[in-house]
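Asks: okay, here's the prediction I keep looking at, along with the sequence it came from:
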Amino acid sequence: MVQLAELNVSTNKKVGKAMTSTSDAVEFEALYKAGLVPLHACLVGLTWIFHDYFITLEDEIRYIWPMRRGTPKFVFLFGTTALLSSFSTSPRSTCSLAQASHLTSCVAMDPVTRMAGAIGLWSIEIIMQLRVYALYRSSKKIALLNATFFLCSVASFCWLVVYNAQRRSALIAETVRLPLPGCPSLHSGLEWLQWIPATAFEGLLFGFALFKTLRTTASRALHGVKISLLSVVLRDNLLYFFSIGVLLICNNLMVVGVTHIPWFSYSPFHAAMGILTTRMLLNIHKAVAADIDTSLIVRMAQRPHPVSLDFPSPSWQSRLQFWKVAEV
């Protein structure tokens, strides 16, 4: 600890004067290590998202590229592009401040990175609302209820971001002058509440999807229809709904400060959201393609003579079919 304090005295005289006690050295070491974690996490997140992109590129070429211009194709491209753009904000903002920190920059970057992550999350929640809307046979009451809670969660998040941003300057005023890698990883005030509204809304969406799936499964079980549990989970996207909720809970645990989970910044969060959204949308297109292939085989088997190719073309994904709930 003493050698660490002496090293910082030689590099920064002001810091050396402030760090004359062992407790100051321990505090500086903790802040320094906490500042290194987001720098490593941003590289891991960037590698992860590009790795998954090349894994799913074949499915994207097969199911997305042949589609005509319309809502399904726009939703996929918008979701993936928006999330990739919001993901790039976190590594840039973190790594650009790795060498030197300024109070104004650190105060500004905090709400910017949170809003970037929120925009990506809101894009996912809009897509999920459309999915729930399709699950409940275009119920306007369900859509209105979800839209109301969604707007409330957005408003709550924005208010909390503004509230915490106004108090961040006083929080990091002393530590920002230390030779730390990036901005100080300090959290206080109501920052731990920022993702609570989004987590609650995600729980609501997951509850709608779970209720519909259980009801459908019970109905089919009464009629003696065998259903694969994994098929149900993947078909109705319960896995993706649940995973987004887990990510939000992890975010809350990082910010609350009472756990041993370090602050990873939002790079892994953005990367995971992008991967989950891409796979969720690709899963929907695969389900539609499988249903069409099955119906085509049945039609051809029922006809004794060759039939003309009057079935859907490679751009089979129509706007209506995309939002329909595929039967398991």
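Replies: Nice, thanks for sending it over.

Asks: quick check: mean pLDDT of the helix or strand harbouring residue 147?
Replies: Residue 147 is part of helix 140-172, with elements assigned from DSSP states H and E. For helix 140-172, the mean per-residue pLDDT is 92.

Asks: which elements pack onto that helix?
Replies: Helix 140-172 makes packing contacts with helix 103-135, helix 196-222 when contacts are defined by 3 or more CB pairs under 8 Å, 6 or more residues apart in numbering; DSSP states H and E. Placement of C-beta: from N, CA and C, glycine included.

Asks: for the shortest one, which positions count as buried?
Replies: Just to be clear, that refers to helix 196-222. Neighbour counts over helix 196-222 (16 or more other CB atoms under 10 Å) mark 196-199, 201-202, 205-206, 208-209, 212-213, 216-217 as buried.

Asks: select from the helices and strands packed on helix 140-172 the stretch with the lowest mean pLDDT.
Replies: helix 103-135 (a mean of 82).

Asks: hang on, the earlier thing: by how many degrees do the helix holding residue 147 and helix 103-135 diverge?
Replies: Angle between the axes of helix 140-172 and helix 103-135 is 170 degrees (criterion: axes from the mean of the first three to the mean of the last three CA atoms, to 10 degrees).

Asks: go through helix 140-172 and flag the buried ones.
Replies: By neighbour count on 16+ other CB under 10 Å, the buried set for helix 140-172 is 142, 146, 149-150, 153-154, 156-157, 160-161, 164-165, 168, 171-172.

Asks: can you tell me which of the helices and strands packed on helix 140-172 comes nearest to residue 284?
Replies: helix 103-135 (7.8 Å; CB to CB).

Asks: what angle sits between that closest one and helix 196-222?
Replies: Using the same axes, to 10 degrees: helix 103-135 against helix 196-222 is 20 degrees.

Asks: what's the longest helix in this protein?
Replies: Longest among the helix segments of the chain by residue count, using DSSP state H, is helix 22-63.

Asks: buried set for stretch 53-70?
Replies: Applying 16+ other CB under 10 Å to stretch 53-70 flags 56, 60, 63, 64, 67 as buried.

Asks: if I pick the first one, what's in contact with it?
Replies: When you say that, I think you mean residue 56. The neighbourhood of residue 56, defined by CB atoms under 8 Å, 6 or more residues apart in numbering, consists of 278, 279, 282.

Asks: may I see the helices and strands packed on helix 140-172 arranged in CSV, with distance to residue 254 as well?
Replies: Output for the helices and strands packed on helix 140-172, formatted as CSV (distance: least, CB to CB, whole Å):
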stretch, distance to residue 254
helix 103-135, 12
helix 196-222, 13
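
Asks: turn the contacts of residue 56 into CSV, columns for neighbour count and distance to residue 45.
Replies: Compiled in CSV, those are given as follows (neighbours: other CB atoms under 10 Å; distance: CB to CB, whole Å):
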residue, neighbour count, distance to residue 45
278, 23, 15
279, 19, 16
282, 18, 20
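
Asks: closest one of the residues you listed to residue 121?
Replies: The closest of these to residue 121 turns out to be residue 278 (CB to CB; 14.8 Å).

Asks: please, which helix or strand holds the closest one?
Replies: Taking DSSP H and E as the criterion, residue 278 maps to helix 267-302.

Asks: tell me the mean pLDDT over that helix?
Replies: What helix 267-302 shows for mean pLDDT is 71.

Asks: kindly reformat the contacts of residue 56 as a markdown table containing distance to residue 130.
Replies: Formatted as a markdown table, these follow (distance: CB to CB, whole Å):
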| residue | distance to residue 130 |
| --- | --- |
| 278 | 16 |
| 279 | 17 |
| 282 | 16 |
